[in-house]
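**Q** Pasting the sequence and the predicted model now:
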Amino acid sequence: MSLRRRQALLYAMRLFDVLAMLFCLFLAAFMESGNEHARFFAHFLSMRVRVWNFLIFTVFVFVWSLILEGSGLYASKRLCTRSEEIYDIAKAVSLGTCALFAIALLFDTGMNSAVFLGLFWAASCALMIFSRLVLKLVLKRLRISGRNLRYVLLVGANLRALRLAGMLETSAGLGYRILGFADDECQAPSREFRESGYRLVSGLAELPSFLRGSVIDEVIICLPLKSFYQEAARVIAFCEEQGIVVRVLTDLFNPRLARSKAASFEGESVISFYTGNMEDEMAFIKRAMDIAISFVLIVILSPVLLMAVLLIKLTSPGPVFFVQKRVGLNKRRISVYKFRTMVPDAEKKQAELEALNEMSGAAFKIKDDPRVTSAGKFLRKTSIDELPQLFNVLLGDMSLVGPRPLPERDFENFDTDWHRRRFSVRPGITCTWQISGRNNISFDRWMELDMEYIDRWSLWLDIKILLGTIPAVLRGSGAA
């Protein structure tokens with residue numbers, strides 16, 4: 001795509017996003033009016049534009065556009081997955097809705113009710129996601145038809161480069177066209193390369209000359225960096241001078257599970273390795289969801305919380321709450337709150353019951369634990385004893401969904417390193433283990449479920465686990 005066409009497209013996208021925001025404001029106000037639709041239209045048509053209101057609206061449009069720009073919605077999305085683009089939109093709209101709420105409170109515009117903001121957020125997300133998916137589909141069709149292409153040169157003629165070339169060729173919707181390969185093996189290419197049908201267009205020494213006179217949008221370096229560091233550095237420096245985009249297919253460490261992400265840290269380029277899908281940006285959305293849902297649940301379930309307090313006080317002596325040190329995010333010690341379901345000196349008696357432990361591995365569980373009180377059996381069976389952990393979620397020590405926080409005793413008995421990866425995310429009130437049988441599954445399987453959650457994590461997975469927790473609690477499956 002030419003620079004002029006790209007700029008025209010970006011202007012059109014920005015204009016559409018502003019118009020979409022206006023439509024969603026109107027739609028949210030209309031939906032909030034309930035059965036008073038006729039009165040709403042009459043009021044809308046009789047409105048007069050005041051200078052002060054116009055200024056407030058102009059400020060919001062500016063802030064909204066700034067947020068969308070800062071969230072990367074107008075950057076190239078050629079290599080972004082659909083889920084990544086949807087996440088960027090949800091993040092931007094969430095920040096924009098928060099800005100709308102702040103402006104509404106500051107200038108008393110009246111657009112600050114939870115219903116209005118919720119409708120605006122949902123409508124904005126839906127409309128922007130739909131528009132971006134349509135645009136992505138249109139661009140994909142254009143690229144398949146031979147337009148909006150990017151010409152790429154692969155430096156290195158090894159097997160990894162051939163695999164990458166094959167993936168680019170089969171992903172026609174990305175719009176990449178391979179000009180050829182550059183390598184010092186011009187005189188004697190490998191058998192695999194000869195059979196691939198690709199061609200060597202330059203040696204490494206002649207590469208600067210080839211780049212000067214060729215139409216090239218991107219250069220992908222596929223050289224093994226451990227043995228070709230100097231050559232790769234020269235290619236990057238030359239492409240930098242010419243303003244050519246360079247991508248590096250790195251093989252410095254080849255981690256088995258962790259994925260890499262390039263970033264800038266205090267002016268220095270760094271590569272970060274991380275496992276799972278819970279990056280910093282996604283963790284922000286998860287945290288916002290935790291705060292909102294836990295606060296609502298505390299309000300809704302306050303009668304149940306009060307009932308539990310009375311039940312414990314009336315049936316056994318001792319405190320209402322049981323506070324225990326457990327191991328949280330990155331092995332930090334946290335205080336976890338529960339309703340007390342055992343006799344007051346239960347922890348001191350645990351050593352006497354070690355021989356009766358029914359769980360394999362590091363955990364300690366007894367199905368008919370003699371320390372559990374009569375009220376405690378009911379609270380455990382219904383999982384009401386876990387509800388005070390909603391306050392742990394508000395404090396930031398826990399999440400609604402995540403691996404269960406383990407007592408220090410269990411943590412100290414870990415003897416397998418891969419089990420400890422469960423501490424790389426914030427612990428949760430519920431998890432895959434909770435809805436899969438809990439105490440009815442082995443310790444190793446429990447740890448495997450935690451790893452699967454970390455590696456497959458998404459907001460949708462959290463929602464599915466939360467929804468699956470309800471029938472699991474009603475069945476009392478695996479509770480002890």
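**A** Arrived safely, thanks for sending.
**Q** mind listing the strands for the stretch 151-300 of the chain?
**A** With DSSP state E, counting those that start in this stretch as the definition, the stretch 151-300 of the chain shows strands at residue ranges 176-182, 200-202, 218-221, 245-248, 259-265, 268-274.
**Q** Of the ones you listed, which shows the lowest average pLDDT?
**A** Lowest mean pLDDT within these: strand 259-265, at a mean of 63.
**Q** where does this structure have low pLDDT?
**A** Counting by pLDDT under 70, the chain contains low-confidence ranges at 1-3, 33-53, 109-110, 185-189, 251-274, 276-282, 351-352, 355-363, 437-440, 476-480.
**Q** What distance do you get for R194 to L200?
**A** As judged by CB to CB, to the nearest Å, R194 and L200 stand 10 Å apart. Backbone N, C-alpha and C define where each C-beta goes, glycine included.
**Q** who's more crowded, the two?
**A** Remark: of R194 and L200, L200 carries more neighbours, 17 against 11, as counted by other CB atoms under 10 Å.
**Q** hang on, isn't the more buried one packed against S190?
**A** No: between L200 and S190 there is no contact under CB atoms under 8 Å: 10.8 Å.
**Q** Spit out the residues that contact these two alike.
**A** Counting by CB atoms under 8 Å, 6 or more residues apart in numbering, the shared contacts of L200 and S190 are A157.
**Q** how distant is the host helix or strand of S94 from the center of its chain?
**A** Element membership of S94, judged by DSSP states H and E, is helix 82-107. Relative to the chain's own centre, helix 82-107 is displaced by 16 Å; criterion: CA atoms, centre = their mean, to the nearest Å.
**Q** Would you mark the buried spots in that helix?
**A** Of all the residues in helix 82-107, those buried under the rule 16 or more other CB atoms under 10 Å are 85-97, 99-101, 103-104.
**Q** do stretch 222-236 as well
**A** C222, L223, L225, F228, E231, A232, V235, I236.
**Q** if you skip the residues just before and after it, what's nearest to R14?
**A** S65 (6.5 Å; CB to CB, 6 or more residues apart in numbering).
**Q** Sticking with that neighbour, tell me its helix or strand.
**A** S65 belongs to helix 51-70 when assigned by DSSP H and E.
**Q** rewinding a little: could you measure from the residue nearest to R14 over to G72?
**A** Counting by CB to CB, the gap between S65 and G72 amounts to 13 Å.
**Q** mind giving me the domain ranges of the protein?
**A** Residue ranges for each domain of the chain read 3-144, 150-252, 280-475, as given by automatic domain parsing.
**Q** Report the contact partners of the nearest residue to M451 once chain neighbours are set aside.
**A** Distances taken as CB to CB, 6+ apart put R421 closest to M451, at 6.4 Å, once the chain neighbours are dropped. The neighbourhood of R421, defined by CB under 8 Å, 6+ apart, consists of T275, D450, M451, I454.
**Q** isn't the first one right next to D455, touching?
**A** Which is T275. Yes: between T275 and D455 a contact is recorded at 7.0 Å, counting by CB under 8 Å.
**Q** So those two - more neighbours on which side?
**A** T275 (16 against 12).
**Q** List the residues that contact K136.
**A** Going by CB under 8 Å, 6+ apart, K136 touches K77, R82, E85.
**Q** and the strand or helix carrying it, how far out from the chain's middle?
**A** Secondary structure assigned from DSSP H and E places K136 in helix 114-144. Centroid separation between helix 114-144 and its chain, computed with CA atoms, centre = their mean, is 19 Å.
**Q** Okay, angle between it and helix 51-70 too, please.
**A** Helix 114-144 and helix 51-70 meet at an angle of 50 degrees, taking axes from the mean of the first three to the mean of the last three CA atoms, to 10 degrees as the criterion.
**Q** in helix 114-144, what counts as buried?
**A** 116-117, 119-125, 127-129, 132, 135-136, 139-140, 143.
**Q** cool, and stretch 424-434?
**A** When burial is assessed from 16+ other CB under 10 Å, stretch 424-434 yields the following buried residues: V425, R426, P427, G428, I429, T430, C431, T432, W433, Q434.
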